[in-house]
Each structure stands twice: as structure tokens, then as C-alpha cells.
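Chemist: got a structure for you, letters missing:
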């Protein structure tokens with residue numbers, strides 16, 4: 001009914017408000033004002049405290065305005081897409097079985113490839129690996145005793 005439409009309208013307003021400068025503070029003040037004006041229905045006090053507690057505990061992650069200004073993605077779409085491309089499309093192919101170290105190696109390489117930084121990563125790794133002649137100097141020669149046969 002009307003209450004449901006009003007709630008849905010406020011939630012849409014709050015979602016948009018969170019994207020503005022100081023949006024979280026404005027949303028929490030709006031919630032507090034509604035509580036003062038309308039009160040709480042019986043049995044909803046615990047839900048109200050939990051919701052306000054959640055917002056207060058998560059506020060360091062909810063500065064959406066600043067994050068958007070800095071060019072960071074603020075939705076879950078980027079993460080969901082990465083999970084699909086990195087994990088699902090490669091790790092869940094028919095008949096595949098993985099142990100954690102092998103799966104981690106493949107996912108790391110896939111991230112490098114999909115991030116278009118393969119050449120830079122390869123060049124950096126080549127610089128960090130000791131040259132072959134240096135590796136030969138550090139290896140102890142292995143002598144195999146012959147029994148004369």
C-alpha cells in the first residue's frame with residue numbers, strides 16, 4: 001500500500017543520497033529524524049539498532065562520493081566480473097580438478113593476462129631471476145660412484 005510505496009521512495013532517495021558528498025551522514029540523520037517523527041513499530045527496535053550499528057561500523061567503506069571522484073568503482077559488478085573471468089571460465093572447465101597451489105598459480109597468471117600487464121610482469125621477473133651462469137656457480141656438483149660395471 002501507501003506505506004510500502006513511501007518506504008520504497010525513501011530507499012531510492014537514500015541510495016542516491018549515498019552517492020553525494022556527506023551522503024552517509026545525511027542518510028543516518030534522516031533515519032534518526034524518521035524515528036523521532038514516526039516512532040518504531042513493536043518489535044522493530046532491535047532491527048533499527050542493528051541497521052544503525054551496521055551503517056556506523058561500515059562508514060569507512062561507504063564514502064562513495066570521494067571514491068567516485070577518485071575514479072574507483074563502487075559497485076560489485078567489477079568484482080563479480082573478475083570472479084567470472086578469472087575463476088569460473090578457467091577453473092570450472094569440464095573434468096578439471098585443482099589443488100590449491102596449482103589453482104592459485106593459474107589464477108595469478110590469468111589475472112596478469114587479463115590485466116594486460118603480461119609483458120611488464122615478464123620483464124620484471126626476468127630482472128629478478130639470477131642469470132644461468134650464476135645459478136651454475138651455486139650448484140654443488142653431483143658425483144655418482146661407479147661400481148666398475
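Modeler: Thanks, I have the structure now. Given the structure is predicted, the values throughout are model-derived calculations rather than measurements.

Chemist: so who does residue 9 touch?
Modeler: Counting by CB atoms under 8 Å, 6 or more residues apart in numbering, residue 9 makes contact with nothing. No exception for glycine: its C-beta is placed from N, CA and C like everyone else's.

Chemist: distance of it from residue 35?
Modeler: Between residue 9 and residue 35 the computed distance is 18 Å (CB to CB, to the nearest Å).

Chemist: and if you look at residue 64?
Modeler: From residue 64 to residue 35 the distance is 24 Å (CB to CB).

Chemist: go on, residue 16?
Modeler: When distance is defined by CB to CB, residue 16 is 21 Å away from residue 35.

Chemist: for residue 67, same thing?
Modeler: For residue 67, the distance to residue 35 (CB to CB) stands at 28 Å.

Chemist: And for residue 128?
Modeler: In terms of CB to CB, residue 128 sits 58 Å off from residue 35.

Chemist: For residue 43, see how far away the residue nearest in space to the middle of the chain is.
Modeler: A centroid search over the chain (CA atoms, centre = their mean) returns residue 79, at 5.6 Å, as the residue closest to the centre. Going from residue 79 to residue 43 by CB to CB gives 35 Å.

Chemist: Check the burial of residue 27 by counting its neighbours.
Modeler: 19 (other CB atoms under 10 Å).
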